[in-house]
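> sequence and predicted structure, then a few things I'm wondering about:
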Amino acid sequence: MSTLTADPTATTRAATSPSTAEVNSTLAGIMRGEWIKLLSLRSTWWALTSTAALMTLASLAYAMSLDTMAEDPVTAPGIEQMHGAEIVASGFPFGMLIIAVMGALSITGEYSTGMIRSTFAAVPTRLPVFAAKALTLVVLAAAVALVSVILSYLVTMAQLSQYDLVPALADPGTWRVLGGSVYCLTAAALFSLGLGTLLRSTAATVTVALTVLLLLPGILSFVTLDWVQTIVSYLPLPASSTLLTTGTTDVPGANLSTYTSLVVVAAYAVVPIVTAAVALRRRDA
Amino acid sequence: MIEAHELTKRYGGKTAVDSISFTIAPGSVTGFLGPNGAGKSTTIRMIMGLDRPTSGSVTVNGKPYGHHRSPLGEVGALLDAQAVHPGRSARSHLRTMAATHNIKASRVSEVIEMTGLAGVASKRVGGFSLGMGQRLGIAAALLGDPRTLILDEPVNGLDPEGVQWVRQLVRGLAAEGRTVFLSSHLMSEMAQTADQLLVIGRGRIIAAGPVQQVIDSVSGGAVRVRSPHAGELAAALAADGVTVTLPESGTLEVSGTTAEHVGDVAFTRGLALHELSPRSATLEEAYMSLTQDAVDYRSHTTTARSRTEKGQNQ
Ligand SMILES: Nc1ncnc2c1ncn2[C@@H]1O[C@H](COP(=O)(O)OP(=O)(O)O)[C@@H](O)[C@H]1O
Ligand SMILES: [Mg+2]
């Protein structure tokens, strides 16, 4: 600390040196700032590696369990009905869990530490930096989902080939399931980002996000009222499940059409983000 | 140049800033002085567009802060609470801010050098001391080489050398024609740093102007007298409606009159004087007298308070 300028003129000369004074706020710069923000935190790297690891391991475990299914005369016939892509994408809930937490932290981490004030001091109009944050998160979530799916495909290939279940790239069903995974995981990231912007607290956001995304369908499956089951079918997990299968799924409430599911999943991303953007402009930082 | 017009902020029922108007001129250091809870940080957050005024307005260099095309080039601010993610290194923090304005990496290194953070720039901010955190905040404020600097309690947590450094830094920046606005609850700090004062208490401006003028406006000047006939002199003065105290035997503190009057009275009575010295109020006294009705969180005794202030200043 003692290397400080004893000579004040040295300090001020450095402060005004014209070579340094190129200051120009642009959207590209704001995007770059958000990239640096995400990638300079260890938690991001933890989230990315654990998403890939958990999704891949889960799909591998599911693929390995085909052996036990094949031995059991009750379940053995079911194997033929399966689509290999469903097995490749079976780590989806783990991905949803971690990606949702990552999305939440990308904003609640700023509110809880006060970083948000530095962010808004640099971009006082706020919306550009929020858009940049959403965009970097989309790219990162989609990229890690894609990498996870590819890794899952590769590690399960040997096992699936024994049952003639390796998903064919020429099969539209393969693209539906694998693309659906990436689509729904990206939406989960945006859902948490929007929610986190509104709630600001990490604990509150993670609790609400995981309840809505993962827990609620299971909890409500015991309530057999018709209108409750209708609501359940519109919850994120059942709505995603219809996109992650080529036939039917055993997820409770998964009965929406493909098109409706696509719209419902998109709404889970868009509605919180738009609400958050409106609130963000008005509220005190 | 910072201009506030009837700026008001209420949080629920609590009025933090109460219709204040002021102008902070470029080329000098303006001290924003007030006890804790007076509304300094709230005012600064409103200047920076972080908190929305309940009513009134504030502009920086002619526009609301958020309307500037390159905000960090207009205003650099050190905010009151740390505004940094503890999981990032100092350099990464500065890079995230620099990126938004396309500020070069060389400028990031430069402000790291200037603030003495070179040795710890790659360490995570979570492990920083309060003083290092303040230096990082100042580095962030300097990043865009701004025309206006706003520093909220910059010397908090700094060692004496750091305090000295901040003083020289802000004096130098003001000498270059920049606007420097500096908040503090420590008047001793302001006496040595500021040209102008804006004194705030309970959300209202209670004095403003050049430092000496603010002191004079409250003056409350006293006369110190030493005399072998102190008792007699006190009685004579008290008869004229003058306030006299005897801090120690043989010494009088006389307020409410002039040294000339005291001398005349002593001469008329034939009382010898060993000392007769007028004392103008110090900044400290002026501040006390200005803010005594405006302290939100007053400690139990005045002496305890001034001791705390000295402690924090070290
Ligand atoms: N976000 C907030 N919500 C509620 N009250 C606040 C908030 N910020 C500040 N206050 C209150 O406003 C008053 C002024 O606070 P502040 O501006 O921090 O004072 P200073 O910086 O002069 O110490 C205090 O009474 C404080 O409790
Ligand atoms: Mg404060």
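Happy to help now that I have it. Ligands and ions are numbered 1, 2, ... in the order given.
> what's the helix or strand for B:Ile200?
Per DSSP states H and E: B:Ile200 is located in strand B:196-201.
> hmm, the following helix or strand past that strand touching ligand 1?
Secondary structure here is assigned by DSSP H and E; on that basis, the next helix or strand after strand B:196-201 toward the C-terminus is strand B:204-210. No. Using CB under 6 Å from any ligand atom, strand B:204-210 stays clear of ligand 1, with a minimum separation of 11.7 Å. Quick note: C-beta positions are derived from backbone N, CA and C, even for glycine.
> continuing past strand B:204-210, what's the next helix or strand?
Where DSSP H and E defines the elements, the next helix or strand beyond strand B:204-210 is helix B:211-218.
> for residue 278, grab the count of nearby residues.
Went with chain A since none was named. Using other CB atoms under 10 Å in any protein chain shown, A:Val278 is surrounded by 12 other residues.
> wrong one, I was asking about chain B
Taking other CB under 10 Å as the criterion, the count of residues near B:Pro278 is 13.
> ok, it - contacts?
Neighbour list for B:Pro278: B:Gly221, B:Ala222, B:Val223, B:Arg224, B:Thr258, B:Ala259 [criterion: CB atoms under 8 Å, 6 or more residues apart in numbering or on different chains].
> can you pull out the helices in chain B?
For chain B, helices defined by DSSP state H occupy the ranges B:40-47, B:71-74, B:90-100, B:105-114, B:130-142, B:160-175, B:187-193, B:211-218, B:230-239, B:259-269, B:283-291, B:302-313.
> pLDDT below threshold where in the stretch 101-250 of chain A?
Within the stretch 101-250 of chain A, no stretch falls below the threshold (pLDDT under 70).
> okay, now the closest residue to ligand 1 within it: neighbour count?
Nearest to ligand 1, among the residues of the stretch 101-250 of chain A, is A:Arg117, at 11.7 Å (CB to the nearest ligand atom). A:Arg117 has 23 neighbouring residues, counting by other CB under 10 Å.
> nearest to ligand 1, out of the helices of chain B?
Between ligand 1 and these, the shortest separation by CB to the nearest ligand atom is 3.2 Å, and it involves helix B:40-47.
> could you list every helix and strand in contact with the closest one?
With contacts defined as 3 or more CB pairs under 8 Å, 6 or more residues apart in numbering or on different chains; DSSP states H and E, the packing partners of helix B:40-47 are strand B:2-11, strand B:14-24, strand B:29-33, strand B:55-60, strand B:75-78, strand B:148-152, strand B:179-184.
> the first one pairs with which strands, and in what direction?
The strands that strand B:2-11 pairs with in its sheet are strand B:14-24 (antiparallel), strand B:55-60 (antiparallel) (by DSSP bridges).
> and the contacts of B:Pro278, which two are furthest apart?
Spatial extent of the contacts of B:Pro278 (CB to CB) is set by the pair B:Arg224 and B:Thr258 at 12.8 Å.
> what about the two, which has more around it?
B:Arg224 (16 against 13).
> what helix or strand does the residue of the stretch 101-250 of chain A closest to ligand 1 sit in?
Judged by DSSP H and E, A:Arg117 forms part of helix A:115-122.
> any idea how far A:Leu146 is from A:Trp45?
A:Trp45 sits 17 Å away from A:Leu146, taking CB to CB, to the nearest Å as the criterion.
> higher neighbour count, these two?
In this view A:Trp45 and A:Leu146 are compared by other CB under 10 Å, and A:Leu146 has more residues nearby, 16 against 12.
> right, and the helix or strand after whichever strand or helix holds the more buried one?
Using DSSP H and E, the element containing A:Leu146 is helix A:127-162. Of the helices and strands lying after helix A:127-162 in sequence (DSSP H and E), the nearest is helix A:172-199.
> mind checking which of the strands paired with strand B:2-11 is nearest A:Val155?
Nearest to A:Val155 among the strands paired with strand B:2-11 is strand B:55-60; the distance by CB to CB comes to 57.0 Å.
> how about residues contacting the closest one?
B:1-8, B:19-21, B:46-47, B:64-65, B:68, B:74-75, B:148.
> name the residues of that strand that are buried.
Residues of strand B:55-60 classed as buried: B:Gly56, B:Val58, B:Thr59, B:Val60 (neighbour count, 16 or more other CB atoms under 10 Å in any protein chain shown).
> between these, which is nearest ligand 1?
Set against ligand 1, the nearest of the buried residues of strand B:55-60 by CB to the nearest ligand atom is B:Val58 (14.1 Å).
> for the closest one, which non-adjacent residue is closest in space?
B:Ala4 (4.3 Å; CB to CB, 6 or more residues apart in numbering or on different chains).
> in chain B, which helix or strand is least confident?
The helix or strand of chain B with the lowest confidence, counting by mean pLDDT, DSSP states H and E, is helix B:302-313 at a mean of 38.
> low pLDDT regions in the stretch 101-250 of chain B?
Using pLDDT under 70, the flagged stretches of the stretch 101-250 of chain B are B:218-221.
> again, only this time at 90
Applying pLDDT under 90 to the stretch 101-250 of chain B picks out residues B:156-157, B:185-192, B:201-202, B:206-207, B:211-224, B:230-250.
> who in it is up against chain A?
B:101-104, B:106-107, B:110, B:113-116, B:118-119, B:131-132, B:140, B:142, B:144-145, B:159, B:161-162, B:165, B:168-169, B:171-173, B:175-176 (CB under 8 Å from any CB of the partner chain).
> check contacts around residue 238.
Since you didn't name a chain, this refers to chain A. Taking CB under 8 Å, 6+ apart, we find A:Pro238 in contact with A:Pro217, A:Val232, A:Val251, A:Pro252, A:Gly253, A:Ala254, A:Asn255, A:Leu256.
> was after chain B, sorry
By CB under 8 Å, 6+ apart, B:Ala238 lies in contact with B:Val244.
> one more pass at 10 Å, please.
Contact criterion CB atoms under 10 Å, 6 or more residues apart in numbering or on different chains gives B:Val244, B:Val254 as the residues in contact with B:Ala238.
> can you give me the distance of it to B:Glu6?
Distance from B:Ala238 to B:Glu6, counting by CB to CB: 46 Å.
> next: B:Ala194.
Distance, B:Ala194 to B:Glu6, using CB to CB: 24 Å.
> my guess is B:Phe181 contacts B:Phe32, does it?
Yes. Assessed by CB atoms under 10 Å, B:Phe181 is found in contact with B:Phe32 at 6.1 Å.
> number of residues surrounding the residue nearest to B:Pro26 when sequence neighbours are not counted?
Excluding the flanking residues, the one nearest B:Pro26 by CB to CB, 6+ apart is B:Thr179, at 4.3 Å. For B:Thr179, the neighbour count with other CB under 10 Å is 24.
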